[in-house]
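1. A predicted structure for the sequence below; I have some questions about it.
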Amino acid sequence: MEYKGQSSVELTLVIGIALVLAAPFILASQSSIIQLSDASGTLQLDNSLDKVERIAKSIQTQSFPARRTLEFSSPRTAENIYNPQFTNRSALVVELSSRGTSSNQSILFDFNLTLHNGAELADEGNHQVILRKNPTGVNMSVIS
């Protein structure tokens, strides 16, 4: 019984070796998890943009006090959201940046859609958005 600490040292060595051997697999799976998370966020953004497009087109055809609220989901990869205006047309553009790659997703409207306080939409998470009919088109504002 003179080697009481030997089993503790052996257990510590076995656990240490197991962690060293598992590290490459953990690092490889972490990359896959990040890619999956980015893809999931992009899919949620696609669904949010589809809702905005569908509701904005519906409001455009209705009379003046028409309004609807919706939940807009912004992924962590969203860098900027802006609203270029053209003659009787507009767009909603979301710039994405993930792992050194930039891309954008956009919707084109055949009417004027004006985005107010859109910088808040670039923050990751779910945002309450209201779309309202106005005399020249549709206003889109972030509520929370």
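-> Cool, the structure landed. Numbers count the residues shown, from 1 in each chain.
2. could you use CA atoms for every contact and neighbour count after this?
-> Fine.
3. which stretches of the protein form helices?
-> Applying DSSP state H to the chain gives helices spanning 6-60.
4. where does pLDDT dip in it?
-> Across the chain, residues meeting the criterion (pLDDT under 70) sit at 1-5.
5. can you do 90?
-> Residues of the chain meeting the criterion pLDDT under 90: 1-14, 18-45, 60-66, 74-83, 85-88, 96-106, 116-125, 134-137, 143-144.
6. you'd agree residue 70 is up against residue 140?
-> No - using Cα atoms under 8 Å, residue 70 is not in contact with residue 140, being 10.4 Å away.
7. between the two, which has more neighbouring residues?
-> residue 140 (21 against 17; other Cα atoms under 10 Å).
8. run a quick check on that one versus residue 128, I expect a contact.
-> No - Residue 140 lies out of contact with residue 128 (Cα under 8 Å); the separation is 10.6 Å.
9. how near is residue 16 to residue 23?
-> As judged by Cα to Cα, to the nearest Å, residue 16 and residue 23 stand 11 Å apart.
10. try residue 133
-> According to Cα to Cα, residue 133 stands 56 Å off from residue 23.
11. between the two, point out the one with more neighbours.
-> A side-by-side neighbour count of residue 133 and residue 23, using other Cα under 10 Å, places residue 133 first with 22 against 11.
12. pretty sure that one is touching residue 140, no?
-> No - using Cα under 8 Å as the test, residue 133 is too far from residue 140 to be in contact (9.1 Å).
13. sorry, back to before: identify the contacts common to residue 70 and residue 140.
-> Each of 129, 130 lies in contact with both residue 70 and residue 140 under the rule Cα atoms under 8 Å, 6 or more residues apart in numbering.
14. so what's residue 102 closest to, chain neighbours aside?
-> Excluding its sequence neighbours, the residue lying closest to residue 102 (Cα to Cα, 6 or more residues apart in numbering) is residue 96, at 5.6 Å.
15. which ones are touching the one you found?
-> 77, 78, 79, 80, 102, 103, 104, 105.
16. recalculate using a threshold of 10 Å.
-> Applying Cα atoms under 10 Å, 6 or more residues apart in numbering, we find residue 96 in contact with 42, 75-81, 102-105, 122.
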